[in-house]
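Asks: Pasting the sequence and the predicted model now:
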Amino acid sequence: MADAVYGTAAVEDREAGIASRRRLISRIVIYGLLGLISIVYIVPFLVVFLNSFRTNIEIGANGLISLPQSFRLDAWPQAWSDFCIGGQCNGVARYFWNSVAMVIPATIISTALGAINGYILSKWKFPGSEIVFGCMLLGVFMPGQIALLPWAFTLGQIGLANSVYGLILVHCIQGLSFTTLFFRNYYVSIPDDLLKAARIDGAGFWRIFWKIMIPLSPPIIIVTVIWQFTGIWNEYLFGVVLNSGSNQPITAALVALSMSGTTVRTYDVMSAAVLIGALPPLLVYFFGGKYFVRGLTQGAIK
Amino acid sequence: MASLTIRNLRKSFGVVEVLKGVDLEANTGEFIALVGPSGCGKSTLLAMIAGLETVTSGEIYIGDRLVNSVQPKDRDIAMVFQSYALYPTMTVKENMAFGMESRGVPKAEQEKTIARVAALLQIEPFLKRKPGQLSGGQRQRVAMGRALVRDPALFLFDEPLSNLDAKLRVDMRTEIKKLHQRIGKTTIYVTHDQVEAMTLASRIAVMHQGEVQQFADPDTVYNRPANIFVAGFMGSPSMNFIDAEITSSGGAPAVNFPLSGGGVASLPLHNGVADRAQSKKVILGIRPEHLSRQSASNSGKQGFATMSAPVEVVEPTGAETMAVLKFGDREVVGRFSPDEAPRTGEDMPLAVDMTRACLFDPATTRLI
C-alpha cells in the first residue's frame, strides 16, 4: 500500500519534471526570439547613434558599421544650426521648429475633436449616426495620396498653401478618422447607466463630457496623442508636396539634406540630424508609455 | 393624492410593441413594485417614468403635472440603478454632490445634506473613497445616498439588489424597507424577484408581455391571483395547476380529476364559485402549502377536502420539506412541516385546503 502511494508520487514527480523542462525550453525559445527581434530593431539605431559621434574621416576609413575610435560632439551643433540644406546653411533647426509648430496644435485639435466625435457617436446617437461613423471610418483605410491633389487645390483656394497652418489643417482632418475611431470605441465600453444617472442628476451634454467622460479618458487620450504625434511628426508626403523651402517640416528637410549636392557625404552630421528629427516621438513614447493604464472604469459597474 | 399616474402608456421599438397600454397609479408614500420575468417591459416602464425613454403614446403624470416631454432632471425624481452607476472617478462625497452641483445648490447646504444622508445610511467612513474601493453592499448604499440627497417626489429603483450575493440581498432588502418606513417617499421598485416584491411593496404590479396582469396589494396578488400567469409567477415553489371538471353530486358542487390508480378525486367547492364558471372544464390551482397530511384536526374541518396520492420525491430543506406527489399523471408539489413529511413511495393521505384553492377558466386563463 505504502509502496503504491510512493510509486504514484514518483510518477507525478517525473511528470512534473517533464513539464518544468518543457516550460524552460519554451521560455528559452520565447526570450531568444524576443532578443533577436530587439537586436534587429536596435542595431540600425545604434549605428546611427554611434556615427553621430565619429568623425567623417573615420567613417570613411572604417566603414559605416563599426565601433567608434573617436568621440566628438561637433556633428550635433553643426546639424542643428550650420549645415547647408538646399542652399541655406542654417541646419535643421528651422525645420525642426516648423514641425513642432505643426505637430502640437494638430495633435491637440485632432485629439480634442476625436474625443467629442467619439462621445457623440457612442453616447448621443442620432438617426444616421452609424452612417456618419461609417463614412468617417473610410478615412482610416484611404491612403493619403488620394487626398494630395484635393488638398493642394483646397489650400491654394483658402490661401494656406506653403504654410505651416495649411499642414496643421491637413493633419487635423486627415487624423480625425483615427482619433474618432479610438474615442468612439473606448467610450462604447463606458456604461450607459453612468450617463443616465448624470442626466437625472441634471447634467447636460457638456457637463457629462467634462465631468464624467474626460476623467475616464486618460488611457485613450495618451494612446491617441502618441499615435497622432508620431504620425504627424513622421509624415513626409504632405510636408514635401504641399510646402517648399523654409516652410517644410523636418522630415522633408532630412531628405533634402541627404540629397544635398555637396561632394562629400557627411555621415556624421546626417546621423546627428536624423537623431534630432527622431527625438520628439521617442520622448513622447518614453514619457507617455507608462500611462498606458487600463481599468479606470473599475468600480463603475457592480 | 397620487404621486404618479400612468394612463394607457404604450412603447414601441420599431414594430416591436414593448408596452401595450399600461395603467398604474401610486399614492403618496406608497411603495409600488413592478415585478415580472425579464423582457416583460418593467425596466422600460421605469425608464419612461424617469424620462430616459420617450413615450410612444399615453400619459405620465408626476404629481398632477404631465411629464411626457419633461427632461429627466426636471421631473423631480431620483433613481438607483442596477449597476449603481456610480461615477468612478469621483469620491463618494463627490458622487453625492454631483446632482446638487448641477442644480446650483449652495455649498453649505450641500455639505449639510450629504452629512445628513451619510449618517442615515452609515456611509460616513467612506465619503473620501472612490467607488472602486468599496464592497458591493457599500456601493449599493452610496447609490441610494446619491438618490436620497435629492429629496425628490418619486424614488425609482431598477433592480437595485440583483448584483448582491444572497445574504447581503436579504439584509439590504430589510434596509430598504426600514428606509422607506422612515422617509415615507413614494417609491417605484422594479424587480424580477417575487420575494422582494412581496416583502417590500404596498402594492404590486405584475407585468408580463408588456401588460400589467394584476395591480393589487401583496395579499391579493398571492391569494387571489388574477390569472394563471400571476398565480404561477408569485410564490416559490409555484402554484400547482390541475385540469379538472366541475360536477354536482346532490346539489353540492365539487371538482373532479382522475387519480393515478384509476380512481377519481372529488374535492368539494364552496361559496358559489362553481356558479361563476363558464364551462364545466376548469383549472384547479393549489399552492404547495395548502396541502397537508390528514389528521384528526383537519380531516373533518370545514372547507378541507381529503384524498391520497403517491409520493415520488422528498426534498427536505430543514425548515420545511417539499414533496412531489402524483395526482393522476400530473406532478404536484406539496410543502409540509418536517414532522408530517411523507416518505418516498408512500401513498400519502392528504387534506386540501379548498377555501384557499383557485379555479381558472382554461379558455381565458382568468381567475373564476
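Replies: Received, thanks.

Asks: quick one: the helices in the chain?
Replies: Just going to use chain A. A:2-51, A:56-62, A:75-77, A:93-123, A:129-141, A:144-157, A:164-188, A:192-200, A:205-208, A:218-234, A:237-242, A:250-258, A:267-288 (DSSP state H).

Asks: actually it's chain B I care about, not the one you picked
Replies: For chain B, applying DSSP H gives helices covering B:42-50, B:92-102, B:107-121, B:136-148, B:166-183, B:194-200, B:218-223, B:228-233, B:273-276.

Asks: Adding distance to residue A:30, write the ones you listed out as TSV.
Replies: From N, CA and C alone the C-beta is placed, and that goes for glycine too. Listed next are these as TSV, based on distance: least, C-beta to C-beta, whole Å:
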stretch	distance to residue A:30
helix B:42-50	48
helix B:92-102	45
helix B:107-121	52
helix B:136-148	39
helix B:166-183	44
helix B:194-200	52
helix B:218-223	63
helix B:228-233	56
helix B:273-276	78
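
Asks: which stretch among the ones you listed comes nearest chain A?
Replies: Counting by C-beta to the nearest C-beta, chain A lies closest to helix B:92-102 out of the helices of chain B; the figure is 3.5 Å.

Asks: For residue B:245, which residues count as its bridge partners?
Replies: Beta-bridge partners recorded for residue B:245 (DSSP bridges): residue B:256, residue B:281.

Asks: Output the helices of chain B as TSV; include the columns mean neighbour count, mean pLDDT and distance to residue B:64.
Replies: Putting the helices of chain B into TSV (neighbours: other C-beta atoms under 10 Å in any protein chain shown; pLDDT from 0 to 100; distance: least, C-beta to C-beta, whole Å) gives the following:
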stretch	mean neighbour count	mean pLDDT	distance to residue B:64
helix B:42-50	23	93	15
helix B:92-102	22	93	24
helix B:107-121	15	92	27
helix B:136-148	23	90	23
helix B:166-183	15	89	22
helix B:194-200	20	92	26
helix B:218-223	17	94	27
helix B:228-233	22	94	31
helix B:273-276	14	76	39
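
Asks: still on that earlier bit, confidence-wise, which of the helices of chain A is weakest overall?
Replies: Mean pLDDT is lowest for helix A:56-62 out of these, coming in at a mean of 81.

Asks: Go through it and flag the buried ones.
Replies: Judged by neighbour count using 16 or more other C-beta atoms under 10 Å in any protein chain shown, the buried positions of helix A:56-62 are A:56, A:58, A:59.

Asks: For the residue nearest to residue B:165 when sequence neighbours are not counted, list the residues it contacts.
Replies: Taking C-beta to C-beta, 6 or more residues apart in numbering or on different chains as the measure, residue B:165 lies nearest to residue B:136, with 7.4 Å between them; neighbours along the chain are not counted. Contact analysis of residue B:136 by C-beta atoms under 8 Å, 6 or more residues apart in numbering or on different chains lists A:302, B:163, B:164, B:165, B:168.

Asks: Could you identify which of these has the most neighbours?
Replies: Top of the contacts of residue B:136 by neighbour number is residue B:164, holding 19 neighbours under the definition other C-beta atoms under 10 Å in any protein chain shown.

Asks: how close does that one sit to residue B:187?
Replies: Using C-beta to C-beta, to the nearest Å, one obtains 18 Å as the distance from residue B:164 to residue B:187.

Asks: Residue B:228 too?
Replies: Look at residue B:228 and residue B:187: by C-beta to C-beta, they are 29 Å apart.

Asks: And for residue B:138?
Replies: Separation of residue B:138 from residue B:187 (C-beta to C-beta) stands at 21 Å.

Asks: again with residue B:239
Replies: The gap separating residue B:239 from residue B:187 is 28 Å, by C-beta to C-beta.

Asks: Name the nearest residue to residue 100, sequence neighbours excluded.
Replies: Since no chain was named, I'll use chain A. residue A:280 (7.4 Å).

Asks: that's the wrong chain, I wanted chain B
Replies: Nearest-residue entry for residue B:100: residue B:110, 4.8 Å, with adjacent residues in sequence omitted and distances by C-beta to C-beta, 6+ apart.

Asks: My read is that the one you found contacts residue B:97, right?
Replies: Yes: taking C-beta atoms under 8 Å as the definition, residue B:110 is a contact partner of residue B:97 at 5.3 Å.

Asks: Quick check: residues of the stretch 151-300 of chain B near chain A?
Replies: Counting by C-beta under 8 Å from any C-beta of the partner chain, the residues of the stretch 151-300 of chain B lying close to chain A are residue B:163.

Asks: Nearest to chain A: which residue in the stretch 151-300 of chain B?
Replies: Evaluated by C-beta to the nearest C-beta, the stretch 151-300 of chain B has residue B:163 as its residue closest to chain A, separated by 5.3 Å.

Asks: Give me the phi and psi for that residue.
Replies: phi -90, psi 0 (degrees, to the nearest 10).

Asks: Quick check: it vs residue B:134, distance?
Replies: Between residue B:163 and residue B:134 the distance is 13 Å, computed by C-beta to C-beta.

Asks: My understanding was that residue A:47 contacts residue A:65; is that so?
Replies: Yes: between residue A:47 and residue A:65 there is a contact under C-beta under 8 Å: 5.5 Å.

Asks: out of those two, which sits in the more crowded spot?
Replies: Between residue A:47 and residue A:65, counted using other C-beta under 10 Å, residue A:47 has the larger neighbour count: 15 against 12.

Asks: what sits against the more buried one?
Replies: Shown in contact with residue A:47 (C-beta under 8 Å, 6+ apart): A:64, A:65.

Asks: Tell me how many other residues crowd the closest residue to chain A within the stretch 101-250 of chain B.
Replies: Closest residue of the stretch 101-250 of chain B to chain A, C-beta to the nearest C-beta: residue B:132 (2.9 Å). Residues lying near residue B:132 (other C-beta under 10 Å) number 15.

Asks: circling back: run through the residues that contact the residue nearest to residue A:100.
Replies: Applying C-beta under 8 Å, 6+ apart to residue A:280 gives the contacts A:99, A:100, A:103, A:229, A:233.

Asks: between the residues you listed, which is nearest chain B?
Replies: Distance to chain B across the contacts of residue A:280 (C-beta to the nearest C-beta) is lowest for residue A:229, with 24.8 Å.

Asks: so that closest one sits right up against residue A:284, yeah?
Replies: Yes: the pair residue A:229 and residue A:284 qualifies as a contact (C-beta under 8 Å) at a distance of 5.0 Å.

Asks: Compare these two (neighbour count), which wins?
Replies: Of the pair residue A:229 and residue A:284, residue A:229 is the one with more neighbours under other C-beta under 10 Å, namely 22 against 19.

Asks: can you tell me how far the more buried one sits from residue A:96?
Replies: 14 Å.

Asks: For residue B:368, give its distance to chain A.
Replies: Taking C-beta to the nearest C-beta, to the nearest Å as the measure, residue B:368 falls 43 Å from chain A.

Asks: Excluding chain neighbours, give the residue nearest to that residue in space.
Replies: Leaving aside its chain neighbours, residue B:368 sits nearest to residue B:359 (4.3 Å; criterion: C-beta to C-beta, 6+ apart).

Asks: List the residues that contact that neighbour.
Replies: Listed by C-beta under 8 Å, 6+ apart, the contact partners of residue B:359 are B:255, B:269, B:273, B:277, B:282, B:283, B:284, B:285, B:367, B:368.

Asks: Check what pLDDT it gets.
Replies: Reported pLDDT at residue B:359 in the predicted model: 91.

Asks: ok, now residue A:294?
Replies: Reported pLDDT for residue A:294: 46.

Asks: Same question for residue B:76.
Replies: What the model reports as pLDDT for residue B:76 is 89.

Asks: Ok, residue B:20 next?
Replies: Model confidence at residue B:20, given as pLDDT, is 92.

Asks: How about it, nearest residue that isn't a chain neighbour?
Replies: Take residue B:20 and drop its neighbours on the chain: the residue closest to it by C-beta to C-beta, 6+ apart is residue B:210, 4.3 Å away.
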